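>>> when you get a sec, could you give me coordinates for this:
(chains A and B, ligands or ions: 2)
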Amino acid sequence: MKSPSQIIKYYAEEIARKLKEPEWALRKRIRAAEIYEKAPTPPWMPEDFDLEAFASKAAEEEPLKPGEGEIPEWYKTILERIGVPEIEQSMLAGVTVMVNENVVYEAQKKELKRKGVILESLDEAVRRHENIVKEYLHRAQVPEVHKLAALHIALRRGGTFVYVPKGVRVPFPVQAFFVITEEQLAQTEHTLIIADENSYLHFIEGCIVPIPAPYSMHLGGSEFYSLKGARLRISSLENWIGKVIHVPVKGAEVHEGARLEELSVVMGGIRVGMRPRIRLIGKGAKLSFNSVAFLRNEMKSWSGSTVVHEAPKTNSSIVNRTVMKDSSSDEFLGEIIVKKGAKGVIGHQACNTLLLNDGAINTTIPKLVSEVSDADLAHEGTVGKIGEDQVFYLRSMGFAEHEAIQMLTLGFIDPLIQDLPADYVRAIREIVKMTLNAA
Amino acid sequence: MEGLEVIDLWVEVEGKMILKGVNLALPRGEIHVLMGPNGAGKSTLAMTIAGHPKYKVVRGKILLDGEDITNDPPEERARKGLAVLFQMPPELEGVTVAELLNKIKERSGCKEDVYDLLRESNLPSEMAYRYVNKGFSGGERKRFELSRILAMKPKIVIMDEPDSGVDIESLKVIAEGVKRLQRERAGVLVITHYRNILKYIVPNKVHIMIDGKIVKSGGVELIEIVEKKGFKEVVAA
Ligand SMILES: Nc1ncnc2c1ncn2[C@@H]1O[C@H](COP(=O)(O)OP(=O)(O)OP(=O)(O)O)[C@@H](O)[C@H]1O
Ligand SMILES: [Mg+2]
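Numbering: from 1, shown residues only, chains lettered A, B, ... in the order given. Ligands and ions are numbered 1, 2, ... in the order given. Predicted coordinates:
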């Protein structure tokens, strides 16, 4: 019988062959396959995980995508109601050409090209830009963390690569759909974004319209690099339909004087496990990481993050807001680690959970570890229901109880999403409303 | 009667009887003032009329334009034309002033622009994008309460201390609001501890509440007696 590592290697080689990858990239896969067996098992690993089935699906010829004829009527109704951002609409209709022919986006793509911004599928970038990709790929997102991190690296396929050259500022938010269509839906897609020294980029990853996944487990990955003096803003939006297991593996590095501002919005799925690991490795590096999650039905979630302060005067701020309904459960593990020599660190995290009914369970575990004495670390956690006074105040203005709850629930997440482009804010709000109204 | 009628109202809060037979009639188009010492039950009356679930009506009833609303949920009362200005309105994080006012307007059919509604209360237009009551000063809270009440186009308004903790400018703004509501044929009950607001509005009636009962009703002269001799003397007078 083949060992797990042998199974993974077999499919890793098959994927590398299909993608015509250079030797160095294959070596990263093989190494990860070897680490798989020794790596710890994350708590969100499905109990009945079938490695062979997963790996063979990841290696299948064509990543599946819903064809226009296959989109069910009810799904189109959802799209109409939430007022999907136009570019997402065309992607979901499976009509690549529409995206490519859209005048506005075409103009923006030209401008990016003129500035030397590289924007292409990661598979292509691995072949064409070894000089950049080799150094960064799987440096922040490493295989040792746990089995799924290793598995993702071995079976990586599809996804997006963005490189912003030194000093270049991209004046508009760049959306993943600029680059790809079907590759966004690959099971093990990987996003690699590098903002080189003193550059600026706002990248919007994923899509907020519900994604009908053509597989049962999504093991995507992402890596964000904000190099010296750069400012990198990332908004990741994910909304899964049906019984999808969503367990992305994420890592980031923030260098000297650089900033990383991340917002993650996760909705849908039946099991979500995600704890990004973010390293602040240069003096004065700054991180702001906000996440919003909406859990319902029997959803199980493992959330949180690990922030490692490795340099002096680094600053991190983590805000996590989770809305929980029905009998969902969430375990938040917020870890802040300060390494030796990292003087004058500030690390604050807040985890606020809103329970919409009895029966939903939240566990919050703060873990603050410091190897230096002068670190300013703080954790604030609140778990509660919607305030009765607020509900009554709104009812006294003529709003029914469910309308009041809807307004206050949207209000709970609003401070975190308000900086997104307006049509995304609107779409998120509509989705939350629909989710609240659903029985 | 067109207006609000409170008939022999007995109200219990957490097992304690607070209102002990309150009677009050507030016709539309009139301004009434309600005074009384701390703890007399004024806010309890306001909250009971608003329909707060904590306040249990043990006996008596509340009529709005002749219709019994004693058992209506709060939103139903509001839709029938009742509005209450809160003594301490709560913060609504994440809900902007503009969003709230627009939603109220949608329901009430109010045609006034959000900025105009804010201007009515002398609030700057930037206020529209702030979260309701979040970080508002005491005076701003009261003025915002006025704006959202104007948006509701109510028939009866109960104002619980609209004038406490506000400066002279805010006081004038609120008094103007009361007058406007009266012009729009609303009945307004102003609960207050001070006579200052009476420099700007002329009440049709003054009621004095002590220990859960209205012990005296009359004209503005009652206020003078209260100021000079205290609440006890009013009852005797
Ligand atoms: N929710 C409550 N729980 C317990 N007791 C209450 C509650 N609300 C009011 N009371 C009590 O009822 C009595 C009347 O309070 P109320 O707030 O109505 O007085 P008030 O006349 O408005 O006083 P003030 O002038 O100080 O505003 C007080 O003794 C108060 O402690
Ligand atoms: Mg009071």
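
>>> all contacts plus neighbour counts: C-alpha atoms, from now on.
Noted.

>>> let me know the average pLDDT across stretch A:125-133.
The average pLDDT for stretch A:125-133 rounds to 96.

>>> export it as PDB, just CAs?
Output in PDB follows, covering the C-alpha atoms of stretch A:125-133 (Å, rounded to 0.1, in the frame of the first residue of the first chain):
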ATOM      1  CA  ALA A 125       3.900  33.200 -13.600                       C
ATOM      2  CA  VAL A 126       5.700  30.100 -12.300                       C
ATOM      3  CA  ARG A 127       6.800  29.400 -15.800                       C
ATOM      4  CA  ARG A 128       7.600  33.000 -16.900                       C
ATOM      5  CA  HIS A 129       8.800  34.900 -13.800                       C
ATOM      6  CA  GLU A 130      11.100  32.500 -12.000                       C
ATOM      7  CA  ASN A 131      13.300  35.500 -10.900                       C
ATOM      8  CA  ILE A 132      10.500  36.800  -8.700                       C
ATOM      9  CA  VAL A 133       8.200  33.800  -8.000                       C
END
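
>>> and that stretch, what's buried?
A:125-126, A:133 (16 or more other Cα atoms under 10 Å in any protein chain shown).

>>> same check, this time on stretch B:165-178
Here stretch B:165-178 shows B:166, B:170-178 as buried, counting by 16+ other Cα under 10 Å.

>>> in JSON lines: the residues you listed, plus distance to ligand 1, secondary structure and pLDDT.
What follows is the buried residues of stretch B:165-178, written out as JSON lines (distance: Cα to the nearest ligand atom, whole Å; DSSP: H, G, I helix; E, B strand; the rest coil; pLDDT from 0 to 100):
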{"residue": "B:V166", "distance to ligand 1": "15", "secondary structure": "coil", "pLDDT": "91"}
{"residue": "B:S170", "distance to ligand 1": "20", "secondary structure": "helix", "pLDDT": "93"}
{"residue": "B:L171", "distance to ligand 1": "18", "secondary structure": "helix", "pLDDT": "95"}
{"residue": "B:K172", "distance to ligand 1": "21", "secondary structure": "helix", "pLDDT": "95"}
{"residue": "B:V173", "distance to ligand 1": "22", "secondary structure": "helix", "pLDDT": "96"}
{"residue": "B:I174", "distance to ligand 1": "18", "secondary structure": "helix", "pLDDT": "96"}
{"residue": "B:A175", "distance to ligand 1": "20", "secondary structure": "helix", "pLDDT": "97"}
{"residue": "B:E176", "distance to ligand 1": "23", "secondary structure": "helix", "pLDDT": "97"}
{"residue": "B:G177", "distance to ligand 1": "22", "secondary structure": "helix", "pLDDT": "97"}
{"residue": "B:V178", "distance to ligand 1": "20", "secondary structure": "helix", "pLDDT": "97"}
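
>>> ok, those vs B:E93, which is closest?
Using Cα to Cα, B:V166 comes nearest to B:E93 of these, at 23.2 Å.

>>> phi, psi for that closest one please.
Backbone torsions of B:V166, given as degrees, to the nearest 10, read phi -110, psi 150.

>>> quick check: it touching B:R141?
No. Between B:V166 and B:R141 there is no contact under Cα atoms under 8 Å: 9.6 Å.

>>> give me the subset of the buried residues of stretch B:165-178 touching chain A.
Among those, none lies close to chain A by the criterion of Cα under 8 Å from any Cα of the partner chain.

>>> in which helix or strand does A:Y393 reside?
Secondary structure assignment for A:Y393, by DSSP states H and E: helix A:388-395.

>>> any part of that helix near ligand 1?
No. Using Cα under 6 Å from any ligand atom, helix A:388-395 stays clear of ligand 1, coming no nearer than 11.1 Å.

>>> show me what counts as buried in that helix.
Of all the residues in helix A:388-395, those buried under the rule 16+ other Cα under 10 Å are A:390-395.

>>> pipe the buried residues of stretch B:165-178 into a markdown table and attach distance to A:A378 per row.
Converted to a markdown table, those look like this (distance: Cα to Cα, whole Å):
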| residue | distance to A:A378 |
| --- | --- |
| B:V166 | 37 |
| B:S170 | 40 |
| B:L171 | 43 |
| B:K172 | 45 |
| B:V173 | 44 |
| B:I174 | 43 |
| B:A175 | 47 |
| B:E176 | 48 |
| B:G177 | 46 |
| B:V178 | 48 |
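
>>> can you give me the pLDDT of A:A93?
A:A93 carries a pLDDT value of 43.

>>> can you list the residues of chain B near chain A?
Residues of chain B lying near chain A (Cα under 8 Å from any Cα): B:50-52, B:74-79, B:83-84, B:89-95, B:104, B:152.

>>> need the contact list for residue 39.
You didn't say which chain, so I picked chain A. A:A39 makes contact with A:143-147, A:150 under the criterion Cα atoms under 8 Å, 6 or more residues apart in numbering or on different chains.

>>> my question was about chain B
Contacts of B:G39 by Cα under 8 Å, 6+ apart are B:D211.

>>> per-domain residue ranges of chain A.
Following automatic domain parsing, chain A resolves into domains at A:1-270, A:275-382, A:386-439.

>>> distance of A:I234 from chain B?
22 Å (Cα to the nearest Cα, to the nearest Å).

>>> strand partners of the helix or strand hosting that residue, parallel vs antiparallel please.
In the assignment (DSSP H and E), A:I234 maps to strand A:231-241. When sheet partners are counted by DSSP bridges, strand A:231-241 sits next to strand A:200-212 (parallel), strand A:259-268 (parallel).

>>> end-to-end on stretch B:72-88?
For stretch B:72-88, the first-to-last residue distance is 23 Å (Cα to Cα, to the nearest Å).

>>> for that stretch, which residues meet the burial criterion?
Residues of stretch B:72-88 classed as buried by neighbour count (16+ other Cα under 10 Å): B:73-87.

>>> now do it, average pLDDT.
97.

>>> same check on stretch A:142-149?
On average, stretch A:142-149 scores 97.

>>> now that stretch: buried residues?
Neighbour-count burial for stretch A:142-149 flags A:142-143, A:145-149 (criterion: 16+ other Cα under 10 Å).

>>> and for stretch A:41-61?
A:42, A:44-45, A:54-56, A:58-59.

>>> output that stretch as PDB, restricted to C-alpha atoms.
The C-alpha trace of stretch A:41-61 is given here as PDB (Å, rounded to 0.1, in the frame of the first residue of the first chain):
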ATOM      1  CA  THR A  41      -3.300  17.600  11.900                       C
ATOM      2  CA  PRO A  42      -5.300  20.900  12.200                       C
ATOM      3  CA  PRO A  43      -8.500  20.600  14.300                       C
ATOM      4  CA  TRP A  44     -10.600  21.500  11.200                       C
ATOM      5  CA  MET A  45      -9.400  18.500   9.200                       C
ATOM      6  CA  PRO A  46     -12.500  16.500   8.100                       C
ATOM      7  CA  GLU A  47     -12.800  13.300  10.200                       C
ATOM      8  CA  ASP A  48     -13.500  11.300   7.000                       C
ATOM      9  CA  PHE A  49     -10.900  13.000   4.800                       C
ATOM     10  CA  ASP A  50     -10.100  10.800   1.700                       C
ATOM     11  CA  LEU A  51      -6.700  11.900   0.600                       C
ATOM     12  CA  GLU A  52      -6.600   9.900  -2.600                       C
ATOM     13  CA  ALA A  53     -10.000  11.200  -3.800                       C
ATOM     14  CA  PHE A  54      -9.000  14.800  -3.000                       C
ATOM     15  CA  ALA A  55      -5.700  14.600  -4.700                       C
ATOM     16  CA  SER A  56      -6.900  12.900  -7.800                       C
ATOM     17  CA  LYS A  57      -9.700  15.600  -8.200                       C
ATOM     18  CA  ALA A  58      -7.100  18.300  -7.700                       C
ATOM     19  CA  ALA A  59      -5.100  16.800 -10.600                       C
ATOM     20  CA  GLU A  60      -8.000  16.400 -13.000                       C
ATOM     21  CA  GLU A  61      -7.600  17.800 -16.500                       C
END
